[in-house]
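In: quick one, what's the 3D model for this:
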Amino acid sequence: MKNYCAFLRGVNVNGTNMKMAEVCQVFTDAGMQNVTSVLASGNVIFSSGKDATQLKEVLEKAMSQHFGYEAFLFIREEKDVLAMLQNDPFPVAEHCHNYVFIGSQKIEELLSDAFQKAIKADNEKGKTVNSIFYWQIQKGQTLGSEFSKILGKKSLKDQLTSRNINTLEKIIKKFS
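Out: Next comes the predicted model:
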């Protein structure tokens, strides 16, 4: 058995509303064990003997059927979530948000390219570390950043999601 975190895309935004207790029940009904959620933004911790590829298929199908929407989620082992947190290249700054992008293979290349081409806001930084793209942006500028618009692209909805680094810290604490 391995510990995993499922990062769901588009939960409790744009009219896709779901209670985390119900999401956890869907995971349990799909055969996952030790299921719990972290925040209401679609972070589900669980245990399973299956690999991440199998889990993605099973859980996306279960979520889609139960909630009647096209579910997209990204599965990471506990050790990978910890590495994402530890490898954040940007120091915590009171005036900034740090984000990590979680997605399909090679998505960091697309993100890095888009970031390089985007007009940058003050104090905006992006960097790839170990195939994970990290982004730091001044508080209050997140949604107005040219780069942030990549998250809303419909062509990428099945390829990535993002989380604030503070969310990763909460997830790691729940694993313990």
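
In: who does Gly103 bridge with?
Out: Beta-bridge partners recorded for Gly103 (DSSP bridges): Leu160.

In: how about the contacts made by Gly152?
Out: Under the criterion of Cβ atoms under 8 Å, 6 or more residues apart in numbering, Gly152 has no neighbours. The C-beta positions use only the backbone N, C-alpha and C, and glycine is treated the same way.

In: show me the protein divided up by domain.
Out: Listed by automatic domain parsing, the domain ranges of the chain are 2-80, 83-175.

In: off-centre distance for the helix or strand harbouring Thr53?
Out: Assigning secondary structure by DSSP states H and E places Thr53 in helix 52-67. The chain centroid and the centroid of helix 52-67 are separated by 16 Å under Cα atoms, centre = their mean, to the nearest Å.

In: any chance of TSV for the domains of the chain, columns mean pLDDT?
Out: Output for those, formatted as TSV (pLDDT from 0 to 100):
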stretch	mean pLDDT
domain 2-80	92
domain 83-175	92
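
In: quick one: Gln33 and Phe46 touch, right?
Out: Yes - counting by Cβ atoms under 8 Å, Gln33 does reach Phe46; the two are 6.5 Å apart.

In: show me which of these two is the more surrounded one.
Out: Phe46 (24 against 12; other Cβ atoms under 10 Å).

In: what bridges to the more buried one?
Out: Tyr4.

In: what sits against it?
Out: For Phe46, the contact set (Cβ under 8 Å, 6+ apart) comprises Asn3, Tyr4, Ala6, Phe27, Met32, Gln33, Asn34, Val35, Thr36.

In: for the last one, which residues are in contact?
Out: If I follow you right, that is Thr36. With contact set as Cβ under 8 Å, 6+ apart, Thr36 has these partners: Cys24, Val44, Ile45, Phe46, Lys174.

In: buried residues of the host helix or strand of Lys173, list them for me.
Out: Element membership for Lys173 (DSSP H and E) is helix 165-175. The neighbour-count check on helix 165-175 (16 or more other Cβ atoms under 10 Å) flags Ile165, Thr167, Leu168, Ile171, Ile172, Lys174 as buried.

In: closest one of those to Met84?
Out: Using Cβ to Cβ, Leu168 comes nearest to Met84 of the buried residues of helix 165-175, at 6.0 Å.

In: relative to Val38, how far out is the closest one?
Out: 9 Å (Cβ to Cβ, to the nearest Å).
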